[in-house]
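# just a sequence and a predicted model for now, questions to come.
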Number of protein chains: 2
Amino acid sequence: MTLIDGNKIAADIIAELTAEVAQIQGRKPCLALVRVGDDPASVSYVTKKEKTSEQIGITGKVILPPVTISQNELFALIDQLNADPAVDGILVQSPMPKQIDEVAVFRRIAPQKDVDGLGTMNLGKVAQDDETGFVSCTPAGIMELLARSGVDLKGKHVVVVGRSLLVGKPVALLALQKKAGANGTVTVCHSQTANLPEITRQADVLIAAIGRAEFVKADMVKQGAVVIDVGINRVADASKRSGYRLVGDVQFSGVAPKCSQITPVPGGVGPMTVAMLMKNTVKAYRLAQSH
Amino acid sequence: MTLIDGNKIAADIIAELTAEVAQIQGRKPCLALVRVGDDPASVSYVTKKEKTSEQIGITGKVILPPVTISQNELFALIDQLNADPAVDGILVQSPMPKQIDEVAVFRRIAPQKDVDGLGTMNLGKVAQDDETGFVSCTPAGIMELLARSGVDLKGKHVVVVGRSLLVGKPVALLALQKKAGANGTVTVCHSQTANLPEITRQADVLIAAIGRAEFVKADMVKQGAVVIDVGINRVADASKRSGYRLVGDVQFSGVAPKCSQITPVPGGVGPMTVAMLMKNTVKAYRLAQSH
């Protein structure tokens, strides 16, 4: 069993981007990070994204509207950023306060600046195998982990557990694409699936993205499978100072011995998300420069 | 075994739409049908769409640019139709001449007039379970056939053979949606799939959309399955005056006895496509009126 080291792979990508951005003369790529409210996870994510931007040489521009901002005021802010030629990428951190329609916000971001890839147009481009768009960061990170771990999906059975818009559906579409590394046979399972273990046991590559702690057990996995664990769940743990520990959607100690390759949690898919955001931002900059 | 009668179901939908359009005071819905060139199948499809429009009371406006039209000239024509408040829906018939980028043409159509549902924005809305968009006509027709035949996909294993943008991928996304009638477990197979019969035999609902005559044989189908045959293939037949007959992607005589329900070819999915185009056009009209 080989561990897929997301920290190492993400660091490689960040190093590649740092070298690339260092070559850029004049204005550097710029990423606008909009955070509405003080959700602790959001604060930590946005800080991480800002720091990684700076490390690479990307200008990270953090914008903190009040938590009471209306949908229309947020639209106006996005419109301003859409029109600003000094901004290449725009990310509005989820979750947003309850008065905001997140899907509408994602759709408001100009497709060519939607580096988080959650807008309708960029989702459609994933379905169209159109590489001018932006793939959302977690599914893009999963595909990059697989590619850099030598896993070619061609003709393999890829089983995705979870049908979310952020992970399950786009990663299924990516695995299905007619391009090198993809061409998988893809099954998407979810809470309504009958005989789930029977299906997951067919997976050559199993992608767990359900958000339920240690849901995937050893008897649900085929010997020799590649397992990608997208979950990040807190479970109570009195032995930790914080009172909890992080576990994935996969029961790691039981499943890992059966796998040819597996991602750990933390240190698997997680670090890739920020790296792919940075990659998308540099791509957005290149696209803007070429027009 | 019950035959799913696409002609009957399409006629029902057309009758419903005719009654609905008859209630409309003032300007009736209008569908612009753009056909570039004289491909015989296109001529026949566009004529059928125009006639069905008129039957329902929808204004069918056929536009026939020269086959030599450039991409930019076609864009200009689409922009005109996009801006015309008297036009509710726009369809540019595929295939287009080789100087035209079809995906770019579909994307140029204003999303709120893209009644063929092939534009990037409307594809993205299918992934988002967003019902304000337009679902492309063949996948929409398949879902309607299933619904009106009492087939609820919830928890069922739906196997789609074929990953095209016109059928395979959108119907997979529809079957996966969190809405009544959907909620299926979905597998998409294609030319690169290993052990295809092993996978198709798991299907409670099998959707064949590969474009290969009589590809799905009896030993690939589970007893009691529902089979939807999207293929329309010409095979040589000296006994016919035309010299050919139409067959589906399913070897009907062998497969049908194993099925609980199956669509014939012709007379299954085919007639639904035009009916769903009409339904989308009336929806586009309603959306335009409500703004």
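Now that the structure is in, tell me what you want to look at.
# and whichever helix in chain A runs longest, what's buried?
Counting by DSSP state H, the longest helix found in chain A is helix A:269-289. Applying a neighbour-count criterion of 16 or more other Cβ atoms under 10 Å in any protein chain shown, the buried positions in helix A:269-289 are A:269-285, A:288. Where you see a C-beta, it was placed from the backbone N, CA and C, and this is true even at glycine.
# do stretch A:55-68 as well
Buried residues in stretch A:55-68, counting neighbours by 16+ other Cβ under 10 Å, are found at A:56, A:57, A:58, A:59, A:60, A:61, A:65.
# residues touching the closest residue to the third one other than its chain neighbours, list them.
The reference is to residue A:58. Among residues not flanking residue A:58 along the chain, residue A:29 sits closest, at 4.8 Å (Cβ to Cβ, 6 or more residues apart in numbering or on different chains). Contacts for residue A:29 (Cβ atoms under 8 Å, 6 or more residues apart in numbering or on different chains) come out as A:21, A:58, A:59, A:88, A:89, A:281, A:282, A:284, A:285.
# what separates the first one from chain B, distance-wise?
In other words, residue A:21. Going from residue A:21 to chain B by Cβ to the nearest Cβ, to the nearest Å gives 29 Å.
# which residues touch the helix or strand hosting that residue?
Per DSSP states H and E, residue A:21 falls inside helix A:6-22. The contact list for helix A:6-22 (Cβ under 8 Å, 6+ apart) reads A:28-29, A:52, A:55-58, A:141, A:144-145, A:148-149, A:263-264, A:267-272, A:274-276, A:278-279, A:282.
# now it, how far from the centre of its chain.
16 Å (Cα atoms, centre = their mean, to the nearest Å).
# need the residues of chain A near chain B, please.
A:103, A:119-130, A:154-157, A:163, A:165, A:169-170, A:172-173, A:176, A:178, A:183-190, A:192-194, A:199 (Cβ under 8 Å from any Cβ of the partner chain).
# picking that back up, just the pLDDT for the residue nearest to residue A:58.
In this model, residue A:29 is scored at 98, pLDDT.
# equivalent analysis for residue A:38, please.
Listed pLDDT for residue A:38 reads 89.
# right, and it touches residue A:65 too?
No. Counting by Cβ atoms under 8 Å, residue A:38 does not reach residue A:65; the two are 11.7 Å apart.
# residue contacts, the spatially most central residue of chain A?
For chain A, the residue nearest the mean C-alpha position is residue A:138 (1.3 Å; Cα atoms, centre = their mean). When contacts are counted by Cβ under 8 Å, 6+ apart, residue A:138 touches A:166, A:167, A:171, A:230, A:269, A:272, A:273, A:276.
# which residues of chain A fall in strands?
A:2-3, A:30-34, A:59-63, A:89-92, A:157-161, A:185-189, A:205-208, A:226-229, A:233-236, A:244-247, A:261-262 (DSSP state E).
# contact partners of the last one?
Identification of contacts with strand A:261-262 by Cβ under 8 Å, 6+ apart yields A:1-4, A:149, A:151, A:226-229, A:250, A:252, A:255-256.
# break chain A down into its domains, please.
Listed domain ranges for chain A are A:25-110, A:137-270 (source: automatic domain parsing).
# how about CSV for the contacts of strand A:261-262, with neighbour count, distance to residue B:13 and pLDDT added?
What follows is the contacts of strand A:261-262, written out as CSV (neighbours: other Cβ atoms under 10 Å in any protein chain shown; distance: Cβ to Cβ, whole Å; pLDDT from 0 to 100):
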residue, neighbour count, distance to residue B:13, pLDDT
A:1, 12, 55, 93
A:2, 11, 54, 97
A:3, 15, 55, 98
A:4, 24, 50, 98
A:149, 17, 49, 98
A:151, 19, 45, 98
A:226, 24, 45, 98
A:227, 29, 45, 98
A:228, 29, 43, 98
A:229, 27, 45, 98
A:250, 32, 46, 98
A:252, 20, 51, 98
A:255, 24, 48, 98
A:256, 17, 53, 98
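# what about residue A:158, how many neighbours?
28 (other Cβ atoms under 10 Å in any protein chain shown).
# alpha carbons of the longest helix of chain A, as CSV, please.
In CSV, the C-alpha atoms belonging to helix A:269-289 read as follows (Å, rounded to 0.1, in the frame of the first residue of the first chain):
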residue,chain,number,x,y,z
VAL,A,269,-7.2,15.9,-0.9
GLY,A,270,-7.3,18.9,1.5
PRO,A,271,-4.0,20.6,0.6
MET,A,272,-4.7,20.2,-3.1
THR,A,273,-7.7,22.5,-3.0
VAL,A,274,-5.7,25.6,-2.3
ALA,A,275,-3.0,24.5,-4.8
MET,A,276,-5.6,24.2,-7.6
LEU,A,277,-7.1,27.5,-6.7
MET,A,278,-3.7,29.1,-7.2
LYS,A,279,-3.3,27.2,-10.5
ASN,A,280,-6.6,28.5,-11.7
THR,A,281,-5.7,32.0,-10.7
VAL,A,282,-2.5,31.9,-12.8
LYS,A,283,-4.6,30.4,-15.7
ALA,A,284,-7.1,33.3,-15.4
TYR,A,285,-4.2,35.8,-15.5
ARG,A,286,-2.8,34.1,-18.7
LEU,A,287,-6.2,34.1,-20.3
ALA,A,288,-6.7,37.8,-19.5
GLN,A,289,-3.3,38.7,-20.8
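# what helices or strands is it leaning on?
Applying 3 or more Cβ pairs under 8 Å, 6 or more residues apart in numbering or on different chains; DSSP states H and E, one finds that helix A:269-289 contacts helix A:6-22, strand A:30-34, helix A:40-56, strand A:89-92, helix A:137-148.
# send the alpha carbons of the last one over as PDB?
Backbone C-alpha positions of helix A:137-148 (Å, rounded to 0.1, in the frame of the first residue of the first chain) are rendered in PDB as follows:
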ATOM      1  CA  CYS A 137     -10.700  23.100  -6.900                       C
ATOM      2  CA  THR A 138     -11.500  19.900  -5.000                       C
ATOM      3  CA  PRO A 139     -12.400  17.800  -8.100                       C
ATOM      4  CA  ALA A 140      -9.500  19.300 -10.000                       C
ATOM      5  CA  GLY A 141      -7.300  18.400  -7.000                       C
ATOM      6  CA  ILE A 142      -8.500  14.800  -7.100                       C
ATOM      7  CA  MET A 143      -7.700  14.500 -10.800                       C
ATOM      8  CA  GLU A 144      -4.200  16.000 -10.200                       C
ATOM      9  CA  LEU A 145      -3.500  13.600  -7.300                       C
ATOM     10  CA  LEU A 146      -4.500  10.700  -9.500                       C
ATOM     11  CA  ALA A 147      -2.400  11.900 -12.400                       C
ATOM     12  CA  ARG A 148       0.700  12.500 -10.300                       C
END
